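In: could you work out the structure for the sequence below:
(2 chains)
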Amino acid sequence: MDVQTLVMRDVDYLFALGVLVVGLVAGYLVGRLNARLLRAAGVPAAVEGTSVERTARRFGTSIVALLARFSSLVIYVVAVVLALAITDLVDLRALWYRLVGYLPAVVFAAAVLVFGVLVGDKAEVVVSERLRGVKVPEIGVIPLVVKYGIVFVAVLVALGQLGVATLPLVIVFAAATLALIVFVAVAAKDLLASAAAGVYVLLNQPYGIGDRVRIGETSGIVQELDVFVTYIEDDGTEHAVPNAHVFEYGVVKER
Amino acid sequence: MSALKDLLGGLVTDVDALVTFSPSGSYYERARDATDEGDVDLIVVGAENTVGADAFVELPLEFAEVTERVRFGIEGALDNEYLSDGDDVACATAVFDDGVDTVSRVRVDKARHSGVYDLFVNSRADPAVIRDVLDVVIELGQKGQKGKPVGALFVVGDAGKVMNKSRPLSYNPFEKSHVHVGDPIVNVMLKEFSRLDGAFVISDSGKIVSAYRYLEGSAEGVDIPKGLGTRHMAAASITRDSSAIAVVLSESDGLVRAFKGGELVLELDPEAY
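Out: Below you'll find the predicted structure:
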């Protein structure tokens, strides 16, 4: 065996070891640094109360720790692959090019996904807190819709980063939404107008049950209010007045 | 043995109809065969028509008291014209266990109409709303507020008129809220608010319109059993002046009473549920 090649191999090993050590140290430090940066940016307070954070807590960790661990892990992986490539123990050239090409996209996709889920969770918390003043028990659906909408968009972006063809997904989603909107708008034009007015009426209650009112040509005592209709009773006849009329004609409160 | 059968079989000889309460599937089939043979009508009373009977009366509340249960079933059957005045009816129901263990013979008498079926089905408010209110009141009667017995008065239905025949005693805690009696949170909420004086007003669809209402119905000519207090008097008089019904939990004897049209229609002991 040639002496020179032997020496070169040793140098290679040494170099690879150095790369590995530097990678491990750098990964650890980057992890620590990231954790501190995230803490300084107020991430723990921002994710407080979200379900992802709660799940993380149940496993004895936290979002910040997980993100820091993830950034360290990426660097560890890069260092290990680099070291293996230098020593030429395994032929990694193909893997290396792939990795270099893919890694940023994977990291970015993961970041987008985590960010999306976090933002979705946070939006759910914020919206439901905002809606707490509205004493309608069924209102709990709205925060969920907001949350899953955001998560869905995040998933689409992440998949797009990974090169998965999301266009059909987007098109199907958009078409379904559009069809739904058109259908609902056409089928329920009057209902929607009444519902929009009804939301105002229910929230602000310009008149309530027991008030004597006149809406357009119907007058009487309000018996019942719902999103679409106001029931007005007058001498035994009960009128169901669409709430849209409240805005069309205005309400006269009679005392 | 046959002497015993003769003795007790007299209960069901020559009846015009058999009323079964919440029968099991197999019991219903046997009853149907038996009634077909004897040319007797078969009426099923229960929470749900699980056996697919033709003549069915929906029972909104599992009345613990057998007399109430039977009365409700018969009045329901009368209202649906499954029975007619003067019919003799055998009622098969469960008292101690789930299976049928009791038979009673009743003569249908329109004049002794208690109105308990009317209370649920022919009131302005939804039957489900009335049932929910009764459930809440029964629970309140069982547990009281912090272990102490409480009184409460709920006026259900015809809320517009009731609101015009009453006045607020203080600010209405349900102002601008959209809480319905069936909502899960409501039991706790009403329990807390039951320490307030005055009546709760509930609309036809079950929305809690107001608490703290002083009812101003005219008590003139209202006839309720002696010994009941002002709360019951107020309840009876508001139901006479409007088409609402009223459900009262008595603070002194702990019973739940329902009024309609100024009359006492139903009396329940919450401890029995």
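
In: quickly list what residue A:229 is bridged to.
Out: residue A:242 (DSSP bridges).

In: got a list of what the residue of chain B found nearest chain A touches?
Out: Of chain B, the residue with the smallest distance to chain A, taken as C-beta to the nearest C-beta, is residue B:163 at 2.6 Å. Just so you know, the C-beta spots here come from the backbone N, C-alpha and C atoms, and that holds for glycine as well. By C-beta atoms under 8 Å, 6 or more residues apart in numbering or on different chains, the contact set of residue B:163 is A:209, A:210, B:201, B:209, B:210, B:213.

In: quick one: buried residues of stretch B:161-181?
Out: For stretch B:161-181, a neighbour-count test (16 or more other C-beta atoms under 10 Å in any protein chain shown) marks B:161, B:162, B:163, B:165, B:166, B:172, B:174, B:178, B:179, B:180, B:181 as buried.

In: quick one: the fourth one from residue B:171, how far?
Out: It refers to residue B:165. In this structure, residue B:165 and residue B:171 are separated by 20 Å, where distance is defined by C-beta to C-beta, to the nearest Å.

In: how about low-confidence regions in the stretch 151-273 of chain B?
Out: Applying pLDDT under 70 to the stretch 151-273 of chain B flags no residue at all.

In: leaving out the residues flanking it, which one is nearest to the one residue in the stretch 151-255 of chain A that gets nearest to chain B?
Out: Per C-beta to the nearest C-beta, residue A:210 is where the stretch 151-255 of chain A lies closest to chain B, at 2.6 Å. The shortest distance from residue A:210 to any residue other than its chain neighbours is 2.6 Å, reached at residue B:163 (C-beta to C-beta, 6 or more residues apart in numbering or on different chains).

In: mind checking how far the helix or strand hosting that neighbour is from the chain centre?
Out: Residue B:163 is part of helix B:159-164 when elements are defined by DSSP states H and E. A distance of 23 Å separates the centroid of the chain from that of helix B:159-164, by C-alpha atoms, centre = their mean, to the nearest Å.

In: all helices for the stretch 51-200 of chain A, in order.
Out: Taking DSSP state H, counting those that start in this stretch as the test, the helices found in the stretch 51-200 of chain A are A:51-58, A:63-87, A:93-130, A:141-161, A:167-187, A:189-204.

In: near chain A at all, stretch B:173-191?
Out: Yes. Using C-beta under 8 Å from any C-beta of the partner chain, stretch B:173-191 reaches chain A at B:175, B:176, B:177, B:178, B:179, B:180, B:183, B:184, B:185.

In: what's the end-to-end length of that stretch?
Out: The first residue of stretch B:173-191 is 13 Å away from its last residue (C-alpha to C-alpha, to the nearest Å).

In: mind splitting chain B into its structural domains?
Out: Under the assignment named as automatic domain parsing, the residue ranges that make up the domains of chain B are B:2-114, B:123-272.

In: what's the most buried one of the ones you listed?
Out: Each of the domains of chain B was assessed for mean neighbour count using mean count of other C-beta atoms under 10 Å in any protein chain shown. The highest is domain B:123-272, with a mean of 19.

In: contact partners for residue B:217?
Out: If you count contacts by C-beta under 8 Å, 6+ apart, residue B:217 has them with B:165, B:234, B:237, B:238, B:239, B:240, B:241, B:242.

In: can you redo these as CSV with secondary structure and distance to chain A?
Out: Supplementary listing: the contacts of residue B:217 in CSV, determined by DSSP: H, G, I helix; E, B strand; the rest coil; distance: C-beta to the nearest C-beta, whole Å:
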residue, secondary structure, distance to chain A
B:165, coil, 9
B:234, helix, 17
B:237, helix, 18
B:238, helix, 13
B:239, helix, 16
B:240, helix, 17
B:241, helix, 14
B:242, coil, 11
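
In: quick one: which of the residues you listed is nearest residue B:31?
Out: Distance to residue B:31, by C-beta to C-beta, is smallest for residue B:239 among the contacts of residue B:217, at 38.0 Å.

In: thought that closest one was touching residue B:257?
Out: No. In this structure residue B:239 lies outside contact range of residue B:257 using C-beta atoms under 8 Å: 11.3 Å.

In: what does stretch A:247-254 contact?
Out: Contacts to stretch A:247-254, defined as C-beta under 8 Å, 6+ apart, come from residues A:197, A:200, A:206, A:207, A:211, A:212, A:213, A:214, A:215, A:216, A:219.

In: what about residue A:219, helix or strand, and which?
Out: Assigned by DSSP H and E, residue A:219 belongs to strand A:218-225.

In: run through who's touching that strand.
Out: Defining contact as C-beta under 8 Å, 6+ apart, one finds that strand A:218-225 is touched by A:198, A:201-202, A:205, A:207-213, A:230-235, A:237-239, A:241, A:252, A:254, B:158-161, B:164, B:203-205, B:207.

In: not counting its neighbours along the chain, what's nearest residue B:161?
Out: Leaving aside its chain neighbours, residue B:161 sits nearest to residue B:242 (4.3 Å; criterion: C-beta to C-beta, 6+ apart).

In: returning to that earlier point: now the contacts of strand A:218-225: which count as buried?
Out: Judged by neighbour count, with 16+ other C-beta under 10 Å as the criterion, the buried members of the contacts of strand A:218-225 are A:198, A:201-202, A:207-213, A:230-233, A:239, A:241, B:158-161, B:203-205, B:207.

In: kindly report the residues of the stretch 51-200 of chain B close to chain A.
Out: By the rule C-beta under 8 Å from any C-beta, the part of the stretch 51-200 of chain B lying against chain A is B:158-164, B:175-180, B:183-185.

In: and residue 11, which helix or strand is it part of?
Out: You didn't say which chain, so I picked chain A. The secondary structure element spanning residue A:11 is helix A:3-40 (assigned by DSSP H and E).

In: of all the buried residues of stretch B:161-181, which two lie farthest apart?
Out: B:165 and B:178 (23.4 Å).

In: if I look at residue A:168, how far off is residue A:10?
Out: Relative to residue A:10, residue A:168 is positioned 55 Å away (criterion: C-beta to C-beta).

In: what of residue B:181?
Out: Residue B:181 is 85 Å from residue A:10, where distance means C-beta to C-beta.

In: for the residue nearest to residue A:23 when sequence neighbours are not counted, what are its contacts?
Out: Take residue A:23 and drop its neighbours on the chain: the residue closest to it by C-beta to C-beta, 6+ apart is residue A:79, 2.0 Å away. Contact analysis of residue A:79 by C-beta under 8 Å, 6+ apart lists A:19, A:20, A:22, A:23, A:24, A:26, A:27.

In: the fourth one touches residue A:83, doesn't it?
Out: Meaning residue A:23. Yes. Because the distance of 7.3 Å satisfies C-beta under 8 Å, residue A:23 is recorded as touching residue A:83.

In: which stretches of the stretch 1-150 of chain B form helices?
Out: When secondary structure is read from DSSP H, counting those that start in this stretch, the stretch 1-150 of chain B shows helices at B:2-9, B:25-38, B:66-79, B:116-121, B:127-143.

In: alright, that wraps it up for me.
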